[in-house]
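In: model the following, please.
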Amino acid sequence: MVTRRTTINVRRLQHASSPIPDGRQDELRSFYGETLGLREVPVPRTLADRGLVWFAAGGDDLELHFFPGVPDPEHPRHLCLEVEDLEAARERLSASGYQPNETIPIPGRPRFLCRDPFGNLIEFTTIVHDYRHA
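Out: So this is what the prediction gives:
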């Protein structure tokens with residue numbers, strides 16, 4: 001018997017989800033909405049009673065979803081935001097009381113890491129050129 005293999009044709013990443021402590025949605029809005037400048041988007045009405053907060057995170061309808069849960073501030077799992085001006089992002093985070101940290105360099109992708117108010121790790125980068133050609 002011949003087994004036919006099919007592939008899943010992934011179009012793109014649509015969203016990433018991270019936990020926040022329940023009841024701290026206003027602090028989440030302050031960090032992601034005010035400090036980072038992301039636009040909050042409505043949660044579908046079928047999920048409205050779950051304490052979720054969603055943000056638009058760039059073109060093509062990429063979203064960040066946050067749900068009540070237990071963040072792990074020791075875990076290296078992270079999301080990455082590409083920004084236009086990396087140094088301006090670093091300065092904004094520092095001025096807002098957050099601690100941007102250096103990390104292992106990637107050629108063509110200057111970057112730093114920072115934890116949100118709940119301990120979720122975020123990488124900030126600017127893609128200058130393809131690291132495979134450095």
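
In: low-confidence stretches in the protein?
Out: Segments of the chain classed as low confidence (criterion: pLDDT under 70) are 1-2.

In: now for the residue nearest to the spatial centre of it: which residues touch it?
Out: What sits nearest the mean C-alpha location of the chain, by C-alpha atoms, centre = their mean, is Leu79, with 4.1 Å. Leu79 is in contact with 16, 18, 64, 120-123, counting by C-beta atoms under 8 Å, 6 or more residues apart in numbering. Just so you know, the C-beta spots here come from the backbone N, C-alpha and C atoms, and that holds for glycine as well.

In: so which strand or helix has it?
Out: strand 78-82 (DSSP states H and E).

In: what's in contact with the next helix or strand after that strand?
Out: Counting by DSSP H and E, the next helix or strand C-terminal to strand 78-82 is helix 86-95. Applying C-beta under 8 Å, 6+ apart, the contact partners of helix 86-95 are 35, 83, 99-100, 110-112, 114, 124-126.

In: now, of those residues, which are buried?
Out: For these, a neighbour count by 16 or more other C-beta atoms under 10 Å gives the buried set as 35, 83, 100, 111-112, 114, 124-125.

In: nearest to Gly59 among the residues you listed?
Out: Distances from these to Gly59 were compared by C-beta to C-beta; the smallest belongs to Val83, at 13.5 Å.

In: bridging residues for the residue nearest to the centre of the chain?
Out: Per DSSP bridges, the residues bridged to Leu79 are Ile122.

In: please tell me how far it sits from Gln99.
Out: 18 Å (C-beta to C-beta, to the nearest Å).

In: also Asp130?
Out: Remark: distance between Asp130 and Gln99 (C-beta to C-beta) = 30 Å.

In: I'm done for today, thanks for sticking with me.
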